[in-house]
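In: Take a look and give me a structure for this.
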Amino acid sequence: MLTQTTTRVLEPSDLGAALAVLESEPVANAFVTSRVQIAGLDPWRLGGEMWGWYADGRLRSLCYSGANLVPICATPEAVRAFADRARRAGRRCSSIVGPAEPTAQLWRLLEPGWGPAREVRANQPLMVTESPSADVAPDPLVRRIRKDEMDVLMPACVAMFTEEVGISPLAGDGGLLYQARVAELIGSGRSFARIEDGKVLFKAEIGAATSQACQIQGVWVAPGHRGRGLSEAGMAAVLRYALADVAPVVSLYVNDYNTPARRAYARVGFRETGAFMSVLF
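Out: Model (predicted):
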């Protein structure tokens, strides 16, 4: 039997079908789902296009094409179609990120034209929990950040981003977009830190949130305070807030070579359930 397939840019009228695909894997898709639920599919509001791959008239796979290129529920055939569209459009993203298998296939197809990448992180364990461990007490000094504390938090955010990604978020536009994102997270009550004497010792954010799952990001401990258990107690505190106020499932992904972080997250209650992959340009 022949299968008719097609790929196109989705329109606002396709929102229901797109959400059905996204919500079929609520944990892996939390980042894109949260954006679509807020902004819909209008490219200007969404910050990029949503590509849809159809088989026999039914929407089966998605690919978000904005600052990141993100394959979503993407079958091998869909990945090939997305790669063809991405090659024709040219690289506009700063990274490719998503579940490891389709992201690896997408990168193999795009690397001849888009490579070399600045860095490829081929295995980033996806960790999930529905309940905190009883073995780690939450840090009582970790709390939500107030809007008037953004100037205190911002240097820690810049340090974390630079350490994690390898470039400063202040490059290019002077950090305007990054500052806006930090302000958005603070304003929505999803930024947490332990602050002493005007300095951030630990911080983390709930970067994506839906009613089904949320994702913790930006975990950072001040260099002079590492190795003292602040990350475990701090994560336990953020996890308590996330489960109580945001979603019943909390996730994060971490670099496979960051063994101390993986152990710390496991002690807090996270378990590894899959893997992501990131290609950084």
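
In: ok, Glu77 - how many residues close by?
Out: 15 (other Cβ atoms under 10 Å). For every residue, glycine as well, the C-beta is placed using N, CA and C.

In: what's the helix or strand encompassing Gln105 packed up against?
Out: Using DSSP states H and E, Gln105 sits within helix 100-114. Helices and strands touching helix 100-114, as assessed by 3 or more Cβ pairs under 8 Å, 6 or more residues apart in numbering; DSSP states H and E, comprise strand 68-72, helix 76-89, strand 95-99, strand 119-129, strand 271-280.

In: Mean neighbour count, the ones you listed: which tops it?
Out: strand 68-72 (a mean of 26; mean count of other Cβ atoms under 10 Å).

In: Can you spell out which helices and strands pack onto that strand?
Out: helix 30-39, strand 58-65, helix 76-89, strand 95-99, helix 100-114.

In: Same list, these, but as CSV with mean pLDDT please.
Out: Compiled in CSV, the helices and strands packed on strand 68-72 are given as follows (pLDDT from 0 to 100):
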stretch, mean pLDDT
helix 30-39, 96
strand 58-65, 97
helix 76-89, 97
strand 95-99, 98
helix 100-114, 98
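
In: which stretch among those comes nearest Ile186?
Out: With distances scored as Cβ to Cβ, the stretch of the helices and strands packed on strand 68-72 nearest to Ile186 is helix 30-39 (16.5 Å).

In: ok, residues contacting that closest one?
Out: For helix 30-39, the external contacting residues (Cβ atoms under 8 Å, 6 or more residues apart in numbering) are 15, 18-19, 22-23, 26, 45-47, 50, 62, 64, 70, 72, 207-210, 212-215, 251.

In: next one: the helix or strand just after it to chain centre, how far?
Out: As assigned by DSSP H and E, the chain's next helix or strand after helix 30-39 is helix 43-46. Offset of helix 43-46 from its chain centre (Cα atoms, centre = their mean, to the nearest Å): 18 Å.

In: Of the contacts of helix 30-39, which count as buried by neighbour count?
Out: By neighbour count, with 16 or more other Cβ atoms under 10 Å, the contacts of helix 30-39 hold 15, 18-19, 22-23, 26, 46, 50, 62, 64, 70, 72, 207-210, 213-215, 251 as buried.

In: For the helix holding Gln105, buried residues please.
Out: Ala100, Pro102, Thr103, Ala104, Gln105, Leu106, Trp107, Leu109, Leu110, Trp114.

In: Relative to Met235, which of the residues you listed is nearest.
Out: Among the buried residues of helix 100-114, and counting by Cβ to Cβ, the member closest to Met235 is Ala100, at 23.2 Å.

In: so what's that closest one up against?
Out: Ala122, Asn123, Gln124, Gly274, Ala275, Phe276, Met277.

In: Quick check: it vs Gln179, distance?
Out: In this view, Ala100 and Gln179 are 31 Å apart by Cβ to Cβ, to the nearest Å.

In: can you check Ala193 too?
Out: Counting by Cβ to Cβ - Ala193 and Gln179 are separated by 16 Å.

In: Trp114 now?
Out: The value you get for Trp114 to Gln179, if Cβ to Cβ is used, is 29 Å.

In: show me the residues around Cys93 that make contact.
Out: Ser65, Gly66, Ala67, Asn68, Leu69, Phe281.

In: Run through the residues that contact the closest residue to Ala86 other than its chain neighbours.
Out: Using Cβ to Cβ, 6 or more residues apart in numbering and skipping residues adjacent in sequence, the residue nearest Ala86 is Leu110, 6.0 Å away. Neighbouring residues of Leu110 by Cβ under 8 Å, 6+ apart: Ala83, Ala86, Arg87, Arg91, Ile96.

In: what's the farthest-apart pair in those?
Out: Going by Cβ to Cβ, the pair spanning the contacts of Leu110 furthest: Arg87 and Ile96, at 12.8 Å.

In: Where do the helices of the stretch 151-281 of the chain begin and end?
Out: Residue ranges of the helices in the stretch 151-281 of the chain, as given by DSSP state H, counting those that start in this stretch, are 176-187, 230-245, 259-268.

In: Many thanks, we can stop here.
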